[in-house]
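Trainee: Fold the following.
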Amino acid sequence: MFSSSLTRTTAGLCVLAWAGPLTAGAQDTYDRSSASSFLDDHCRTCHSGSTPAGGFRTDKLRSEASFVEHPDAWVSLAARVSNHEMPPAGAPSPSLEERTAFVAWVEQTWRSQACAAELPPTPSPIRRLNRDEYSATIRDLFDIQIDVSEMFPVDGAGGEGFDNAAETLFLSPLLAEKYLATAKFVLDVAAKEFKSRAKIFVGRPGPNKTEVEASRQILAEFLPMAFRRPVDSAAIAPYVRLVQRARRRGLDFESAIFFALRSALVSPDFLFHVRADTSAPASGQYALASRLSFFLWGSQPDELLLDIAAAGKMDDPAVLDRLVPRMLRDDRALEFFSRFTEQWLRIRELEGTHGPDPELFPEYAADAELRGDILLQPVFFFREVFRDNRSVLEFLDSDGTVLTQPLITHLGLPLEKEQDRKNPNWMELPEGSGRGGLLGMPSISALASHPHRTSPVLRGVWILDSILGSPPPAPPPDVGELEEPGEGKTVKSIREQLSAHSRSPSCASCHQRIDPLGFALENYDVLGRWRDRDRGVPVDATGRLPDGTQLDGPASLKAALLERKHLFLRNLAKRLLGYALGRGLTASDTCAVESIVTHVESQGYSAWALLREVVRSEPFLHVAGPAQGPERH
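Mentor: Residues are numbered from 1 along each chain as shown. As a prediction, this is how the structure comes out:
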């Protein structure tokens, strides 16, 4: 019962996870008795007796065994408490500290019960390649430098916030038509490229080789690479027959081969990720090779990975330990660096209409080189951390960063690149520059701002979500907008308006977490430039976190985040595991995340250690699912 119930509470796990990381200390002494008192004080009046409100009874949640018996009830309760939906308006309300401590205790107890229950692996949905994976695979399969991703609609985010999540990767009739058209386009290009033709035509009919033999030779070489696993003669035979059919219709030999290859490119074996077949144990090796390759390269496995799979060594920890650095230093790893970073940090939002107002910030709108450098800086920073095995804590603060000459000029840094002025390079920062880590980057300042001004609220929410993994609940539907200054119009400062806004009991608890984080970054304008004054008024970057920590500017904020580095690492591990698996995490993944965090902490927060622990984790090594993969054609 516990196994089936817990695996239904995926959404609840996401809501519960680390709802109040900025209130420290209270949960250290929080126990079962404290939780019972919380329920008695704030829940029992309405949720007990013969007619409990909403049919929800708290008297069944009186022991830790109730986490086994009623996991859904605990998840629902803690989510509603965390989101300030309970107690209802008008009832005595617990303080933020009380809410945070209760929810943290529920989450910790729930997690320990999930681990003790030894939940079965989460079944993983069949997952098609998203448009970026499809394009990169086409590029590597045919050795042609084309990007066909724009020929497909944008894939929506799912799972842990990424566009490779199986939950959102449906195959619609419209998409099937696009795959047909794109396959024809790709093969038309490949037919004209020497390297592509050399990869395809590994055999030709001649005096000592029939067309059928040549077709079989070509397809026996191509199909295993396209399908990313061994293909036996029975699976090759239908494609040989397609060549023969095309020849009978009058196509020449090369055109007939391309006709068969087009069919392969729209096969589920190509369009979907490789899955292990329980009736063929060796298939798990190829599924793992493909999973690792799409994780760190965003594309198909190369010959070395397939050879390791053939030798049955893909799940050997020592082999995985050696593979991770090799793959990170390959140019194909840029797919991982860019796609993960842009979605984790939400950088992609700046490429749409969310960017800085072009009239107020013409330098951003008009200077394509500067704009590109701003967008790519976090990607190349991420690359440096993982390629060179730096500490992942450098995302919070660092002695250096990635810069170009346009960025140096834009930020007003007393540095000069003597060589390679345009390409991004790691450079040591002057002491006190405020540019170490992610928070000092212009892209972060811009995406967590309004187009026309900075926003302490947006910046605080971004930190809670992207850095600490504990996004606040959505604001109430009737929340008012802050007043904006206009010509001849005087309004209160943003701080004054937020202070008044936060006096409302329904708003205060969230803004106590959000606002101090955002105000600490007020020295950065919309484009991340340092400022001491805003509209002629001195910048006030002070704030006080719910646990009493005093903030005054970016340096103090980074120090506070480093004090909570465990929360940051857990969030990053969770996101990386979700990205690697291509699905949302569930209860059965909870223990894997905790194990990853523990091992990485013991290895000095090493970036390689983090990735090694992800790929050596149980959910990554052993993906559960139906015995059979996509239907073979």
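Trainee: What segments of this structure are strands?
Mentor: Listed in chain order, the strands of the chain (DSSP state E) span 400-403, 425-428, 533-534, 537-538, 542-544, 550-552.
Trainee: Can you check which of the ones you listed gets nearest to residue 68?
Mentor: Closest to residue 68 of the strands of the chain is strand 542-544 (CB to CB; 40.1 Å). Just so you know, the C-beta spots here come from the backbone N, C-alpha and C atoms, and that holds for glycine as well.
Trainee: Can you list the helices and strands that the closest one packs against?
Mentor: helix 505-519, strand 550-552 (3 or more CB pairs under 8 Å, 6 or more residues apart in numbering; DSSP states H and E).
Trainee: least reliable of the ones you listed going by mean pLDDT?
Mentor: When the helices and strands packed on strand 542-544 are ranked by mean pLDDT, helix 505-519 comes last with a mean of 81.
Trainee: where does that one sit relative to the chain's centre, distance-wise?
Mentor: On the basis of CA atoms, centre = their mean, to the nearest Å, helix 505-519 sits 26 Å off its chain's mean C-alpha point.
Trainee: Same question for stretch 248-258.
Mentor: Computed by CA atoms, centre = their mean, the chain-centroid distance of stretch 248-258 equals 44 Å.
Trainee: Please save the CA atoms from it in PDB.
Mentor: C-alpha atoms of stretch 248-258 as PDB (Å, rounded to 0.1, in the frame of the first residue of the first chain):
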ATOM      1  CA  ARG A 248      11.000  -1.900 -59.000                       C
ATOM      2  CA  ARG A 249       9.300   1.500 -59.200                       C
ATOM      3  CA  GLY A 250      12.200   2.900 -61.200                       C
ATOM      4  CA  LEU A 251      14.400   4.600 -58.700                       C
ATOM      5  CA  ASP A 252      18.200   4.200 -59.100                       C
ATOM      6  CA  PHE A 253      20.200   2.400 -56.400                       C
ATOM      7  CA  GLU A 254      21.200   5.500 -54.400                       C
ATOM      8  CA  SER A 255      17.700   6.900 -54.500                       C
ATOM      9  CA  ALA A 256      16.300   3.600 -53.300                       C
ATOM     10  CA  ILE A 257      18.700   3.500 -50.400                       C
ATOM     11  CA  PHE A 258      17.700   7.000 -49.400                       C
END
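Trainee: what residues does that stretch touch?
Mentor: If you take CB atoms under 8 Å, 6 or more residues apart in numbering as the criterion, stretch 248-258 is touched by 187, 190-191, 200-201, 204-205, 211, 214-215, 218, 242-244, 246-247, 259.
Trainee: again, 10 Å this time
Mentor: With CB atoms under 10 Å, 6 or more residues apart in numbering as the test, stretch 248-258 has contacts from 183-184, 186-188, 190-191, 197, 200-201, 204-205, 211, 214-215, 218-219, 222, 239, 242-247, 259.
Trainee: If any of these are buried, put those into a PyMOL selection.
Mentor: Entered in PyMOL, the line below selects the buried ones among the contacts of stretch 248-258, by 16 or more other CB atoms under 10 Å:
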select buried, resi 183+186+187+190+200+201+211+214+215+218+219+222+239+242+243+246+247+259
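Trainee: what's the spacing between the spatially closest residue to residue 560 that is not a sequence neighbour and residue 462?
Mentor: Using CB to CB, 6 or more residues apart in numbering and skipping the chain neighbours, the partner closest in space to residue 560 is residue 549 (5.3 Å). Separation of residue 549 from residue 462 (CB to CB, to the nearest Å): 19 Å.
Trainee: What of residue 154?
Mentor: Counting by CB to CB, the separation of residue 154 from residue 462 is 22 Å.
Trainee: More neighbours: those two, which one.
Mentor: Neighbour count, other CB atoms under 10 Å: between residue 154 and residue 462, residue 462 has more, with 23 against 11.
Trainee: Check what pLDDT the more buried one gets.
Mentor: For residue 462, pLDDT reads 97.
Trainee: next one: residue 8
Mentor: The per-residue pLDDT reported for residue 8 equals 39.
Trainee: For residue 528, which non-adjacent residue is spatially closest?
Mentor: Nearest to residue 528 is residue 442, by CB to CB, 6+ apart, at 3.0 Å.
Trainee: That neighbour against residue 376, yeah?
Mentor: No: under the criterion of CB atoms under 10 Å, residue 442 makes no contact with residue 376, lying 11.2 Å away.
Trainee: Poorly predicted segments of the stretch 151-300 of the chain, please.
Mentor: Residues of the stretch 151-300 of the chain meeting the criterion pLDDT under 70: none.
Trainee: where exactly do the helices run in it?
Mentor: Taking DSSP state H, counting those that start in this stretch as the test, the helices found in the stretch 151-300 of the chain are 173-190, 194-200, 211-227, 233-248, 253-265, 268-271, 283-296.
Trainee: give me the number of residues near the residue nearest to residue 115 when sequence neighbours are not counted?
Mentor: Nearest residue to residue 115, sequence neighbours excluded (CB to CB, 6+ apart): residue 591, at 4.1 Å. Neighbours of residue 591 under the rule other CB under 10 Å: 20.
Trainee: you'd agree residue 591 is up against residue 122?
Mentor: No: the criterion here is CB under 10 Å, and residue 591 misses it with residue 122 at 11.9 Å.
Trainee: Between the two, which contacts overlap?
Mentor: residue 619.
Trainee: measure the residue nearest to residue 528 to residue 397 for me?
Mentor: Distance of residue 442 to residue 397, computed by CB to CB: 17 Å.
Trainee: between these two, who's got more neighbours?
Mentor: residue 442 (27 against 20).
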